[in-house]
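Engineer: need coordinates for the following:
(2 chains)
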Amino acid sequence: MDNLVLKRIIKTLTITVLAGGGIYVLSFLLRSGGIPENEVVIYSAIGSKIDSLDPGNIGDTSSSSVASQIFECLYDYHYLKRPYQVIPQLAEGLPSVSEDGKVYTIRIKQGIYFTDDPCFEGQRRELTAADFIYSWKRLANIKYLSRNWWVFDGKIDGLDDFREYTKSCKSMDEVDYSRPVQGLQALDKYTLQITLTKPWPQILYLLAHLPTAPVAKEAIDYYGKSIINHPIGTGPFVLDKWNRGSYIEMVRNKCFHDEFYPSEGQPEDLENGYLADAGKKLPFADRLFFMLIQEDPPMWFLFLQGKLDASGIPKDNFQQAIQEGQTLSRELAEKGITLKTFRNPSTYWIGFNMEDPLLGSNKPLRQAIACCIDKKRYIDLFTNNRAEVADGFIPPLMKSYDPDIKEKGFGFDIERGKKLVEQAKQLNQGSLPVLTLAMPSTDVVARQYGQFYKKSFKEIGLELEVDYMDWPTYLGKMHQKDFQMFQSGWVADYPDAENFLQLFYGKNVSPGPNNFNYVDPEFDKLYERASAMLDTPERTQLYRQAEAMIIEECPAVFLLHGVAFTLHHSWVENYKPNTFQYGLSKFRRIDVEKRKAYRYK
Amino acid sequence: MLSYIIRRLLYTIPIVFGVMLVTFLLFNVVRGDITDQIAGKAASAETRAEIQEAYGLDKPLFFDFKQSPFTKAFWNSQFVNHLFSAATFDFGSSYKDRELIWDKIKRGAGPSLALTVPMLIGTVVISISLSLVVAYFRGRWMDYILVLISIVGMSLPFLSFILFGQYFLAFKWGLFPVYFWPDLSVWQYTALPILIGIAAGIGGNLRFYRTVMLDELRNDYVRTAYAKGLSSRQVLFKHVLKNAMIPIITQVVLAIPFLFLGSLLLERFFGIPGLGYLMIDAIGSRDYKIINAMVYISAILFVVFNLITDICYAWVDPRVKFD
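Structural biologist: The predicted structure is shown next:
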């Protein structure tokens, strides 16, 4: 090979590199104008793809947090007050309830308009009571295949009959929505009356739940199946661009009604600056971006670069962000980043299938397992101490949380566990077989959980086999009761412990939410009584009694209650965490200049 | 040649049928029912039944034994529906978000190709160029160094290239964007992943092309060419490179169908809304319809590009004849 050959090769490589570099540089020169500089924009990350922006079929947190910027419900949670308080949103006030607790009459605010859209043929479209009736009948329509029928299942007089009728229709479009439902009446244009099949005080929370948000029939008829791409609500923002699998862009809704930042809150809110914007018109932002970021490293880098306004803390970056004493590290504090921690309404557990011939009839065995898990160690190993030990199922965030629960629960006690195993063996003719735990994941962390459980079980002389599986397989097993033990948890939909109690209710066994398949007539009676009561000290007592009953019978080993850690930059104002409310962007205020300075730096 | 092409195209039918059968068995028979996933939490039995009916999941997998005659029993099955939807390219809607699968594929193809095509071109050009260099310097320090670098590159997991590139080149030194951002052009947000893809791909490719070049350089015709007084340039570019074209064409043309599939990891880590990202999500959520569509299209592309490879052989090597 002579020099000419080498030169030619080098020339080829140089041209390739220069061509690539040239295109890259050119792309910066030819970049489009982008977002107007004077606009206030909020950049957030979402961790999973958006399935739908149709409130009737939304069943995941990411979709809910995005759709809640567009849709509103009759009620909402107060942004600042704690314990969580339901306040009117589209309703004029709280409902008037009949003496028997079955009839709710709700007056709807006048002058609320759906956002302008071609489906309304150039007319402004006002929200009426009939929109709620249509939307809830739509949930009941079996052909719609909503994930959210559970909200009203068996609760509203006549709505189940309507659902029954829809079974006879050939398609979704064939359903006659003018067919009356006894329990859903529009007394006039702005008055809605709901008649329940039995007292159900939790309805107030469900009326603050996104699936009950009103949609306009014209929009559904106009867009048909593509309504998932055309969310038309009454909320503070409207969809501008949905680049599926990438990002969602929203702009301020010009038709949004008057709503103001709250003027009251907790005593410390004033000091924390949460009341600085009291009484100001919402929303503060002009544009929202929800970026889909499913991997932790880019999400963390973008946050540190100031591209994202707020972020959670990835497990691998926890040491960088948090120092001893669970406070923010100096490095991040110097960047002006603020840490917010707050309790989640969640409980995680190892559940037992009470229909399993061995576990269902062997209480000492279940209790022994409850004694062998070192929950503190578990929390330390797997959550970076972002959790609290669970002794019962009601999280400390709930009003009915029992402060004495620790004494009732089964703590980590190997000796006691061993004794209980001996009793369990006697009940099972002297020996115990290998136990099986269904694990809803196959990843590395799930395998680490599995190792931890195996070791814990071994300490008291039990053998455990862990069956790792993907989520759909796991769900199938749950619904078919084809398992012995399972790892799971629950995040409350609303701030009422009833949401946890129903998980043990006999009528809710699999495929319902009672995956423990726990049936106890005494517990059921207690649940039925308590769940129909209003929030009183007596009800709290009943909830605690029911929880103690569950702890004693031990259909589950309660492991932990979640604690969330979130970070935000100094330019984000009014960042008060709220675990039940999703449409929070309207409260956030951004200091654009501060953000610009940070990014430049 | 025409009859050869027709014959090869006919082979496509059993091959694609086989692929469809395997994917169907994997996702329907081995992995079980997906109704629960569609139905969401706390779905009643009647909702689940309705979902099964709406998606045809209530039908038997292969045969409805209650039906007769045989044709009717076979016709009314999930497998036939599966074949029919593939044959008509009507893949329906995603189980997860109910969006038409064709819309997803159309939208994802552009970003995926914007990533994988430059990656392929860059990798091939650089690898072949370097392979000529190492072939020339065989047995000398330049050869050893480049081979060592290739082996190190091949041994490192692809993910470490991504993490290194994203941390140092994008986050620390700010040479590239960390992630897709709405106001960036496609070249801006794909530049770093393309670079990473090329860097990660060079090792294996360089080793392969080096072997090909060395094999050619050992042939008698090379010695003859040098004996005739041809320069190294003429020997390498006019003779060696041309004779090495068959393995190069095989490698390059067979890589083309996979360009369509995108890059699973790069797309996910850099937020590129391509088909790799779509596929990895569909596998995770067991959206069988999407997987089916992607596998089916890939299988067809693979068979077609295999045929193109064979045709190219005849083009570069006159000794190859179609019988």
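Engineer: now the phi/psi pair for residue 258, please.
Structural biologist: All of this refers to chain A. When quoted as degrees, to the nearest 10, the phi and psi of residue A:258 stand at phi -70, psi 120.
Engineer: can you look at chain B instead?
Structural biologist: phi -80, psi -20.
Engineer: how distant is the longest helix seen in chain B from the center of its chain?
Structural biologist: Ranked by number of residues, the top helix in chain B under DSSP state H is helix B:101-136. Computed by CA atoms, centre = their mean, to the nearest Å, the separation of helix B:101-136 from the middle of its chain amounts to 10 Å.
Engineer: and stretch B:255-273, by the same measure?
Structural biologist: 9 Å.
Engineer: can I get the CA coordinates of it in CSV?
Structural biologist: Extracted in CSV, the C-alpha atoms of stretch B:255-273 (Å, rounded to 0.1, in the frame of the first residue of the first chain):
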residue,chain,number,x,y,z
ALA,B,255,-29.0,-5.2,7.9
ILE,B,256,-31.5,-3.1,6.0
PRO,B,257,-34.8,-4.8,7.2
PHE,B,258,-33.6,-4.3,10.8
LEU,B,259,-33.3,-0.5,10.2
PHE,B,260,-37.0,-0.5,10.1
LEU,B,261,-37.1,-1.9,13.6
GLY,B,262,-35.1,1.0,15.0
SER,B,263,-32.9,0.7,18.0
LEU,B,264,-34.6,-0.4,21.2
LEU,B,265,-32.2,1.0,23.7
LEU,B,266,-31.1,4.2,21.9
GLU,B,267,-34.6,5.2,21.2
ARG,B,268,-35.7,4.7,24.8
PHE,B,269,-32.7,6.5,26.3
PHE,B,270,-32.8,9.4,23.9
GLY,B,271,-36.6,9.8,23.7
ILE,B,272,-36.7,9.1,19.9
PRO,B,273,-40.3,8.2,19.2
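Engineer: residues from the stretch 451-600 of chain A in reach of chain B?
Structural biologist: Residues of the stretch 451-600 of chain A lying close to chain B (CB under 8 Å from any CB of the partner chain) are A:470-473, A:475-476, A:478-479, A:508, A:511-513. The C-beta positions use only the backbone N, C-alpha and C, and glycine is treated the same way.
Engineer: which of the residues you listed has the weakest pLDDT?
Structural biologist: Lowest pLDDT of these: residue A:472, 76.
Engineer: ok, now how distant is that residue from residue B:96?
Structural biologist: 11 Å (CB to CB, to the nearest Å).
Engineer: now swap in residue A:513 and tell me
Structural biologist: 21 Å.
Engineer: what do you get for residue A:489?
Structural biologist: Distance of residue A:489 to residue B:96, computed by CB to CB: 22 Å.
Engineer: could you look up the SS state of the nearest residue to residue A:247 once chain neighbours are set aside?
Structural biologist: Nearest in space to residue A:247, with sequence neighbours left out and distances taken as CB to CB, 6 or more residues apart in numbering or on different chains, is residue A:291 at 4.9 Å. Look at residue A:291: counting by DSSP: H, G, I helix; E, B strand; the rest coil, its state is strand.
Engineer: contacting residues for residue A:291?
Structural biologist: A:43-46, A:246-247, A:302, A:308, B:179-181, B:271 (CB atoms under 8 Å, 6 or more residues apart in numbering or on different chains).
Engineer: now, those that are in strands?
Structural biologist: The strands, defined by DSSP state E, take in A:43-46, A:247 from the contacts of residue A:291.
Engineer: pLDDT below threshold where in chain A?
Structural biologist: A:1-6, A:9, A:13, A:16, A:20-34 (pLDDT under 70).
Engineer: make it 80
Structural biologist: Low-confidence segments of chain A (pLDDT under 80): A:1-37, A:472, A:601.
Engineer: taking it, what residue is nearest to chain B?
Structural biologist: Chain B sits closest to residue A:147 of chain A, with a gap of 3.1 Å, by CB to the nearest CB.
Engineer: got a list of what the spatially most central residue of chain B touches?
Structural biologist: Computing the C-alpha centroid of chain B and ranking residues by CA atoms, centre = their mean puts residue B:258 first, at 1.6 Å. By CB under 8 Å, 6+ apart, the contact set of residue B:258 is B:116, B:298.
Engineer: in the stretch 451-600 of chain A, which spans are strands?
Structural biologist: For the stretch 451-600 of chain A, the strands defined by DSSP state E, counting those that start in this stretch cover A:464-468, A:485-491, A:556-568, A:572-573, A:589-590.
Engineer: same for the last one, what does it pack against?
Structural biologist: To tie it back to what came earlier, the one meant is strand A:589-590. strand A:572-573 (3 or more CB pairs under 8 Å, 6 or more residues apart in numbering or on different chains; DSSP states H and E).
Engineer: what residues are up against residue 292?
Structural biologist: This is for chain A. By CB under 8 Å, 6+ apart, the neighbours of residue A:292 are A:45-46, A:48-50, A:245-247, B:271.
Engineer: the chain in question should be chain B.
Structural biologist: Residue B:292 touches B:20, B:23-24, B:27, B:82, B:85-86, B:91, counting by CB under 8 Å, 6+ apart.
Engineer: repeat that for 7 Å
Structural biologist: The neighbourhood of residue B:292, defined by CB atoms under 7 Å, 6 or more residues apart in numbering or on different chains, consists of B:23, B:82, B:86, B:91.
Engineer: quick check: the third one touching residue B:295?
Structural biologist: Right, the one you point to is residue B:86. No: Residue B:86 is beyond contact range of residue B:295, at 9.4 Å (criterion: CB atoms under 7 Å).
Engineer: Provide a list of residue ranges in the stretch 151-300 of chain B with pLDDT below threshold.
Structural biologist: B:233, B:237, B:284-286.
Engineer: my guess is residue B:79 is in a strand, correct?
Structural biologist: No: using three-state DSSP, the secondary structure at residue B:79 is helix, not a strand.
Engineer: and it, how many neighbours?
Structural biologist: Look at residue B:79: counted by other CB atoms under 10 Å in any protein chain shown, it has 19 neighbours.
Engineer: with residue A:555 instead?
Structural biologist: If we define neighbours as other CB under 10 Å, then residue A:555 has 25 of them.
Engineer: what's near enough to touch it?
Structural biologist: Taking CB under 7 Å, 6+ apart as the test, what residue A:555 contacts is A:351-352, A:354, A:504, A:516, A:518.
Engineer: taking those together, which two end up most distant?
Structural biologist: The two members of those with the most space between them (CB to CB) are A:352 and A:504, at 11.8 Å.
Engineer: what sits in contact with each of the two?
Structural biologist: A:516, A:555.
Engineer: so which of the two has more stuff around it?
Structural biologist: residue A:352 (30 against 27).
Engineer: so that one sits against residue A:359, correct?
Structural biologist: Yes: Residue A:352 lies in contact with residue A:359 (CB under 7 Å); the separation is 4.6 Å.
Engineer: where do the contact lists of those two overlap?
Structural biologist: Joint contacts of residue A:352 and residue A:359 (CB under 7 Å, 6+ apart) are residue A:366.
Engineer: about what we covered before: farthest-apart pair in the contacts of residue B:292, please.
Structural biologist: Maximum distance among the contacts of residue B:292 (CB to CB): 12.5 Å, for B:23 and B:91.
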